[in-house]
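# Here is my input; please provide its structure:
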Amino acid sequence: MPRTSYAIAIGSNRPGRHGGPRREVLAAIAALEGVSAVSPILLTPPLGPSKRRFANAVALVESDDEPPALLRRLKAIERSFGRRRGQNWAARVIDLDIVLWSGGSWGEPGLTVPHRLFRTRGFVLAPLLRVAPEWRDPITGLNIRQLHARLTRRKPASRGRAGVGP
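Numbering: from 1, shown residues only. As a prediction, this is how the structure comes out:
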């Protein structure tokens, strides 16, 4: 397979052997091979039942691997950091997800690229905007700048139900 690019979302909200979440993200970036760009690390509010803030970043990675092979390497890094599979949305020492692939889309059991939820996640789009604002989502055709704008634009105030009121 020819060399392709990947956008890898990196997140942590629990201290590990490298230190606090920010240090865990930095260590995960160092463990990746073929890194060509890295976003700033952003601190974001917790989601779901977790009460800890997250440190989030995105790394662009160049690789000869197809998505399943890269996913296996990412999961090996997670395990080496002490990550154990378990409850969704729980505190985690490190989380590495393939968000985008320059080869377009990929789908098989256990792996969907682009990541099925990335368009709705500010903690992914904000750092991705810093390193790849023109990268196009192969499903919607929109670039990261457009997806981020859609997610963050203000919604008009509700005027109530039509036909009700004075």
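# Mind checking what secondary structure Ala7 has?
Judged by DSSP: H, G, I helix; E, B strand; the rest coil, the three-state class of Ala7 is strand.
# For Pro67, see how far away it is.
12 Å (C-beta to C-beta, to the nearest Å). C-betas here are computed from N, CA, C, even on glycine.
# Need the residues touching each of those two.
Ile98, Trp101 (C-beta atoms under 8 Å, 6 or more residues apart in numbering).
# Between the two, tell me which one has more neighbours.
Ala7 (27 against 21; other C-beta atoms under 10 Å).
# Pretty sure Gly82 sits against Arg14.
No. Here Gly82 does not reach Arg14: they are 9.1 Å apart, not a contact under C-beta atoms under 8 Å.
# what sits in contact with each of these two?
Common neighbours of Gly82 and Arg14 (C-beta under 8 Å, 6+ apart) are Val93.
# neighbour count winner among these two?
Comparing Gly82 with Arg14 by other C-beta under 10 Å, the one with more neighbours is Arg14, at 17 against 13.
# And the more buried one, how far from Gly122?
From Arg14 to Gly122 the distance is 21 Å (C-beta to C-beta).
# residue contacts, Gly34?
Val61, Glu62, Ser63.
# Then Leu100 would be within a strand, right?
Yes. Counting by three-state DSSP, Leu100 is found in a strand.
# one step back: now, among the contacts of Gly34, which is nearest to Thr152?
Nearest to Thr152, judged by C-beta to C-beta, of these is Val61 at 25.8 Å.
# which parts of the longest helix anywhere in the chain are buried?
Of all segments of type helix in the chain, defined using DSSP state H, the longest is helix 67-80. Residues of helix 67-80 classed as buried by neighbour count (16 or more other C-beta atoms under 10 Å): Pro67, Leu70, Leu71, Arg73, Leu74, Ile77, Glu78.
# Then stretch 24-32?
Quick answer for stretch 24-32 (16+ other C-beta under 10 Å): Glu24, Val25, Leu26, Ala27, Ala28, Ile29, Ala31, Leu32.
# Same check on stretch 106-116?
Trp106, Val113, Pro114, His115.
# Check stretch 128-148 too.
Buried residues in stretch 128-148 (16+ other C-beta under 10 Å): Leu128, Leu129, Val131, Ala132, Trp135, Asp137, Asn143, Ile144, Leu147, His148.
# residue contacts, Ile29?
Counted by C-beta under 8 Å, 6+ apart, Ile29 has contacts Ile10, Val35, Val38, Ala57, Ala59.
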